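Participant: here are the coordinates; sequence isn't available:
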Ligand code: UD1
């Protein structure tokens, strides 16, 4: 297995281009299952999760080609299969996103239950209850969700107890071809959902309420293929802003959307980091000492749980006590033990972590436990004195497009060593 090595303590200078959003691309690729024809998707990042969902689509009967590095064409004329196997779902939970479109297109879907993952139980009960409300019959057998519809899906009102991102996306994809009106209450408002709504609208769907927690879908009889550009990855953007904050330096991120990170901007500024937002760029400068901050993870536009591990690495470099409340996923503190190996002083109490910033970290051998935890260890390694060696970096490949190359280009001493 490959390792990443970092010789920390260098400030970062230069420019980095942000890639398309992983979480934007996954539902949009799933949405191509909804109708026959060839769809074109621009600004697709090169990631393992993208390869996984494309592999899943191929098992269902789709074909795809990359026109250039970041443009995908997907043809879904012959969707004949309806099963997402355990082998695929266990490597990527978001495979569950084919449930809505398959039910809509074929009236049948059989998708493996994701099971537990490193950051908690992560159930899919909202997805199943929502689809049942639209008329699907669902059985759980041998670890699979087996969903069937007789006579087509029918619109209804769905209320989510907690705004679920992929749950909202699955409901939208199921509802666009259902008969009548579907109202999704307490829907998630993440920008990736707006990206999916734009794709579905381009296909001919009728959806009102974009960017709000109340989505109204007027079912249509048929859809047509569409073209869409994936929005910039706000989590990659945030990760790099935090990296510059922790390591110090002056970097401009391009091809990004500053409006998608309201809570992070506020927190980084409070921490003593200078941010200058352009229309599609952000300049980040950090030269002085860092101040302690507190965060609570919340659904969008609150502080994203997907940046919690990264901001914890930054907190260790401040001077003072910082508190994190993780409200979205239980058990999302796997990175704490690894940061402690680098000299961090962190106490965990249930969903709360108290970080005593010591203003320094020391390089160490650490292990990545999940996607965002890996990014947090990279940030810690950039800020630390000495050499950090991160193993199990395949997690990073799931969601970061060439992070090592991008950081090297701004002066970080970071490299990858192939596993034996
Ligand atoms: C998505 C993102 C993930 C991010 C998460 C929260 C994608 C592909 N993944 O994951 O990167 O960390 O949003 O921003 O977009 N819940 C239930 N039952 C359900 C569904 C969710 O109880 O059926 C709970 C979850 O356990 C969690 C909360 O709802 O506590 C929100 O989870 P959700 O928004 O569904 O996360 P994902 O869509 O899986």
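Facilitator: Sure, I can see it. Note that the structure is predicted; figures quoted are calculated from it, not measured. Numbering: from 1, shown residues only.

Participant: switch to C-alpha atoms for all contacts and neighbour counts from now on
Facilitator: Fine.

Participant: Give me the three-state assignment for residue 222.
Facilitator: coil (DSSP: H, G, I helix; E, B strand; the rest coil).

Participant: Chain neighbours aside, what residue packs nearest to it?
Facilitator: residue 177 (6.7 Å; Cα to Cα, 6 or more residues apart in numbering).

Participant: name the helices or strands packed onto the helix or strand encompassing residue 264?
Facilitator: Using DSSP states H and E, the element containing residue 264 is helix 262-270. In terms of contacts (3 or more Cα pairs under 8 Å, 6 or more residues apart in numbering; DSSP states H and E), helix 262-270 is packed against helix 234-247, strand 274-277.

Participant: The residue nearest to residue 222 is in contact with residue 221, isn't it?
Facilitator: Yes: proximity of residue 177 to residue 221 meets the contact threshold set by Cα atoms under 8 Å, at 6.0 Å.

Participant: which one of the two has more residues nearby?
Facilitator: Set side by side, residue 177 and residue 221 show unequal neighbour counts under other Cα atoms under 10 Å, the larger going to residue 177 at 28 against 10.

Participant: and that one, which of the three is it?
Facilitator: From three-state DSSP, the assignment for residue 177 is coil.

Participant: From start to finish, how long is stretch 140-152 in a straight line?
Facilitator: Distance across stretch 140-152, first residue to last, is 21 Å (Cα to Cα, to the nearest Å).

Participant: Any buried residues in it, and which?
Facilitator: 144, 145, 146, 147, 148, 149, 152 (16 or more other Cα atoms under 10 Å).

Participant: quick one, what contacts the residue lying closest to residue 159 once chain neighbours are set aside?
Facilitator: Take residue 159 and drop its neighbours on the chain: the residue closest to it by Cα to Cα, 6+ apart is residue 185, 4.6 Å away. Going by Cα atoms under 8 Å, 6 or more residues apart in numbering, residue 185 touches 157, 158, 159, 160, 213, 214, 215.

Participant: which residue packs closest to residue 99, ignoring adjacent ones?
Facilitator: According to Cα to Cα, 6+ apart, the nearest residue to residue 99 is residue 109 (5.9 Å).

Participant: do the same with residue 74
Facilitator: residue 64 (4.3 Å).

Participant: On the pLDDT front, check the residue of the stretch 301-420 of the chain found nearest the ligand for me.
Facilitator: The ligand sits closest to residue 328 of the stretch 301-420 of the chain, with a gap of 4.4 Å, by Cα to the nearest ligand atom. What the model reports as pLDDT for residue 328 is 94.

Participant: Assign it to helix, strand or coil.
Facilitator: Per three-state DSSP, residue 328 ends up coil.

Participant: do you know how far it is from residue 188?
Facilitator: 13 Å.

Participant: joint contacts of these two?
Facilitator: With Cα under 8 Å, 6+ apart, residue 328 and residue 188 have common neighbours residue 299.

Participant: These two: who's more crowded?
Facilitator: residue 188 (27 against 19).

Participant: How about the secondary structure of the more buried one?
Facilitator: coil.

Participant: The residue nearest to it when sequence neighbours are not counted: neighbour count?
Facilitator: Among residues not flanking residue 188 along the chain, residue 163 sits closest, at 4.5 Å (Cα to Cα, 6+ apart). Residues lying near residue 163 (other Cα under 10 Å) number 19.

Participant: from here on, count from 406
Facilitator: Will do, 406 is the new start, and the previous item becomes residue 568.

Participant: Could you tell me whether residue 568 really is in a helix?
Facilitator: No: counting by three-state DSSP, one finds residue 568 to be coil, located in no helix.

Participant: tell me how far the strand or helix carrying residue 802 is from the chain's mean position?
Facilitator: Here residue 802, judged by DSSP H and E, is contained in helix 799-804. Relative to its parent chain, helix 799-804 has a centroid offset of 11 Å by Cα atoms, centre = their mean, to the nearest Å.

Participant: So which other helices or strands are in contact with it?
Facilitator: Judged by 3+ Cα pairs under 8 Å, 6+ apart, helix 799-804 is in contact with helix 453-465, helix 776-788.

Participant: Is it possible to get CSV of those helices that adds mean neighbour count, mean pLDDT and distance to residue 807?
Facilitator: Listed next are those as CSV, based on neighbours: other Cα atoms under 10 Å; pLDDT from 0 to 100; distance: least, Cα to Cα, whole Å:
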stretch, mean neighbour count, mean pLDDT, distance to residue 807
helix 453-465, 20, 96, 11
helix 776-788, 28, 96, 12
